[in-house]
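Undergrad: just to be clear, the model below is a prediction. Sequence and coordinates:
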Amino acid sequence: MIKAVIFDFDGLILDTETAWFHSYKEVLHDQFKFDLPLEVFVKCVGSNDTALFTYLEKEIGDQLDANAIREHAGVLHAQLVKEAKAREGVEAYLADAHEAGLTIALATSSTKKWVTTHLTNLNLISYFDYLITQDMVEHVKPAPDLFLRTLEILDIEPDEAIIFEDSLNGLIAALEAKVPTVIIPNPVTESLPFENFHLKLNSMADMTLQEIIGSLNK
């Protein structure tokens, strides 16, 4: 029996990932005339930017100031997401989960301050019973730590939850935690080679939460 729903944040609830790609792409082009490939950027989606800057240091060299790049991209990103709304169907899923008496958790590679700020701005924070963030685990996704910690805190078994994810790193972590996973990619992640998920949807509007839960019970 499903007792809990576990949501990722970046790219799933709010499409911050597309905004990050465009922000980094613009800064790198302006400063170095460097064209950031999507297939490189997408490797850090759902995780952290280690892979991105390892690649950039090889391609651009000593002239790269990682902290300055992060800062400039962050300014652009803040402008892009300032007025952004939650992705289609997000609030309906949260409301339905609450109505059904399910525990609602967030498991994200981002910081607590980041998700708290954005969930508050979106008027969604009151739906969440638990926020499990990067500062609560040793390793972020694709390691399973965030999801294993969530299961521990909620005191449930893997088959008593559903995870909603948009990234390959998130799916890898969910599969290792052995939790059924629904993939809802965004424009940055839609071409990734997702495998072994329970369902893949274009949008949360494609199926109701009750229909997804019903599909797990078949």
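TA: The structure has been received and is ready for your questions.
Undergrad: please enumerate the helices of this protein.
TA: Assigned by DSSP state H, the helices in the chain fall at 16-32, 38-41, 50-60, 66-81, 90-99, 112-121, 145-154, 168-176, 209-216.
Undergrad: could I get those as CSV with mean neighbour count and mean pLDDT?
TA: C-beta here means a position set from N, CA and C on the backbone, and glycine is covered the same way. As requested, those are arranged in CSV below (neighbours: other CB atoms under 10 Å; pLDDT from 0 to 100):
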stretch, mean neighbour count, mean pLDDT
helix 16-32, 19, 93
helix 38-41, 14, 92
helix 50-60, 15, 91
helix 66-81, 15, 93
helix 90-99, 18, 98
helix 112-121, 16, 95
helix 145-154, 21, 98
helix 168-176, 24, 97
helix 209-216, 16, 95
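Undergrad: out of these, the one nearest Leu192 is which?
TA: helix 168-176 (4.5 Å; CB to CB).
Undergrad: got the contact list for the residue nearest to His139 when sequence neighbours are not counted?
TA: Nearest residue to His139, sequence neighbours excluded (CB to CB, 6 or more residues apart in numbering): Asp145, at 4.8 Å. Contacts for Asp145 (CB atoms under 8 Å, 6 or more residues apart in numbering) come out as Val137, Glu138, His139, Ala173.
Undergrad: neighbours around the third one, how many?
TA: To tie it back to what came earlier, the one meant is His139. Neighbour count for His139, taken as other CB atoms under 10 Å: 14.
Undergrad: so what's it scoring on pLDDT?
TA: Looking at His139, its pLDDT reads 96.
Undergrad: how near is it to Thr189?
TA: 21 Å (CB to CB, to the nearest Å).
Undergrad: next up, the contacts around Glu165.
TA: Asp8, Leu12, Gly46, Leu171, Ala174, Thr181, Val182, Ile183, Ile184 are the contacts of Glu165 under CB under 8 Å, 6+ apart.
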